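# build me a structure from this.
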Amino acid sequence: MTTDNYSRLSLAPMLDLTDRHFRYLCRILSKNMLLYTEMVTTGAIIYGKGDYLAFNEEEHPVSLQLGGANPEHLAICAGIGEDRGYDEINLNVGCPSDRVQNGSFGAVLMRSPDLVCDCIKAMKDRVSIPVTVKTRLGVDELDDYDYIHSFVAKLRDAGVDGMTIHARMAFLKGMSPRENRDKPPLNYERVYQLKRDFPDLHLSINGNITTIDDALKHLEYVDGVMIGRAIYQNPYMLVDVDERIFNHTHSRRMSRKECVRACYPYIENYLSQGGALKHISRHFLGMFNTCPNSRQFRQYMAQNHYKEGADISVLEKAMSFIPDEESSAE
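Reported below is the predicted structural model:
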């Protein structure tokens with residue numbers, strides 16, 4: 001892969017948050033960054049009754065993150081993802097949740113590097129698009145640099161096209177998934193060292209990166225930066241990334257209200273198909289966090305966007321609490 005420009009900044013996969021509606025909003029804000037789906041298990045794709053792979057054409061480039069540990073099943077799902085039009089397949093080797101552990105995938109796979117390699121090879125044999133991995137610096141007692149160096153070397157030799165490394169350990173026992181996001185100490189330097197040791201492997205860094213200034217600093221040492229909750233809590237932070245990260249200039253900077261209104265055709269189409277406003281509008285609650293009257297905006301949304309028949313007039317009324325001159329404020 002994948003020194004593709006879009007990999008310089010990516011949206012982290014987050015369960016129940018980075019659905020196709022939020023990804024659409026992110027694409028309004030940035031035309032260039034790489035978007036990741038929520039993790040989708042191979043079982044859901046192969047045996048589930050719903051369509052877990054739907055996305056909007058406007059989302060490209062978009063990566064499908066898979067959860068699983070069976071090489072044959074992962075190959076099948078990777079092939080389906082490629083057929084559906086995804087630009088990349090990503091394997092989750094970092095999630096520490098109990099549900100994922102019980103399925104013997106996610107971070108528990110760090111204990112089985114040979115199995116991870118088999119999974120990568122099976123997917124690479126099936127698809128022509130890049131196959132990447134998201135992982136951590138180690139798991140439980142497997143916490144020294146020699147271990148993660150060996151792990152990365154094996155995946156590189158198996159043909160992985162790129163890796164995103166959350167710069168923390170994962171602890172499968174004694175820590176909740178929430179604690180695993182924050183409590184294990186960050187070690188950015190260890191990720192930088194991996195990049196120095198594997199200069200030809202595309203490496204992105206993840207973990208408590210909250211501003212575009214931070215991202216630019218990390219990009220001095222690694223190929224890409226992945227940001228998750230900071231974007232979800234303040235999507236408008238993306239308004240400058242095409243210029244600052246990708247060197248693409250815009251004729252004019254969109255205001256917050258303009259970004260929301262740019263989603264109206266998409267929302268109206270979704271509502272016309274029987275969808276509910278709340279499925280999309282819940283992702284807008286952080287758009288005005290730094291503006292005067294943001295609390296009134298959120299309160300009005302919370303009281304009205306879930307109601308039957310709610311439409312874009314709810315958004316317009318909620319945004320009326322925000323002064324126009326503040327809608328483009330930092």
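
# against residue 77, how distant is residue 40?
Separation of residue 40 from residue 77 (C-beta to C-beta, to the nearest Å): 8 Å. Backbone N, C-alpha and C define where each C-beta goes, glycine included.

# find the residues that touch each one of the two.
residue 66 (C-beta atoms under 8 Å, 6 or more residues apart in numbering).

# out of these two, which sits in the more crowded spot?
residue 77 (27 against 20; other C-beta atoms under 10 Å).

# where do the strands sit along the stretch 201-330 of the chain?
203-206, 224-227 (DSSP state E, counting those that start in this stretch).

# contact partners of the last one?
Meaning strand 224-227. By C-beta under 8 Å, 6+ apart, strand 224-227 touches 7-12, 34, 36, 134, 162, 164, 202-206, 209-210, 214-215, 218-219.

# list only buried entries from the residues you listed.
Neighbour-count burial (16 or more other C-beta atoms under 10 Å) is assigned, among the contacts of strand 224-227, to 7-12, 34, 36, 134, 162, 164, 202-206, 209, 215, 218-219.

# these in helices, which ones?
Those of the buried ones among the contacts of strand 224-227 mapping onto helices are 215, 218, per DSSP state H.

# would you mind writing the CA trace of the host helix or strand of residue 189 as CSV?
According to DSSP states H and E, residue 189 maps onto helix 188-197. Coordinates of each C-alpha in helix 188-197 appear next as CSV, following Å, rounded to 0.1, in the frame of the first residue of the first chain:
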residue,chain,number,x,y,z
TYR,A,188,4.4,7.2,21.3
GLU,A,189,8.2,6.8,21.1
ARG,A,190,7.8,3.1,20.8
VAL,A,191,5.6,3.6,17.7
TYR,A,192,8.2,6.0,16.3
GLN,A,193,10.9,3.4,16.8
LEU,A,194,8.8,0.8,15.0
LYS,A,195,8.6,3.2,12.0
ARG,A,196,12.4,3.7,12.1
ASP,A,197,12.9,-0.1,12.2
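
# just the buried positions in it, please.
188, 190-192, 194-195.

# which one of the residues you listed sits closest to residue 112?
residue 194 (19.7 Å; C-beta to C-beta).

# which residues are in contact with that closest one?
148-149, 152, 165, 203.

# those residues, buried ones only, as a PyMOL selection?
Buried subset of the contacts of residue 194, written as a PyMOL selection, criterion 16+ other C-beta under 10 Å:
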select buried, resi 148+152+165+203
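
# dump the contacts of residue 194 into CSV; add pLDDT and distance to residue 112 as well.
Converted to CSV, those look like this (pLDDT from 0 to 100; distance: C-beta to C-beta, whole Å):
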residue, pLDDT, distance to residue 112
148, 97, 15
149, 98, 17
152, 98, 15
165, 98, 18
203, 98, 21
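
# gap between the residue lying closest to residue 243 once chain neighbours are set aside and residue 220?
Using C-beta to C-beta, 6 or more residues apart in numbering and skipping the chain neighbours, the partner closest in space to residue 243 is residue 249 (5.6 Å). To residue 220, residue 249 is 22 Å away according to C-beta to C-beta.

# equivalent analysis for residue 234, please.
24 Å.

# for the residue nearest to residue 243, grab phi and psi.
phi -90, psi 150 (degrees, to the nearest 10).

# tally of neighbours for it?
Neighbours of residue 249 using other C-beta under 10 Å come to 7.
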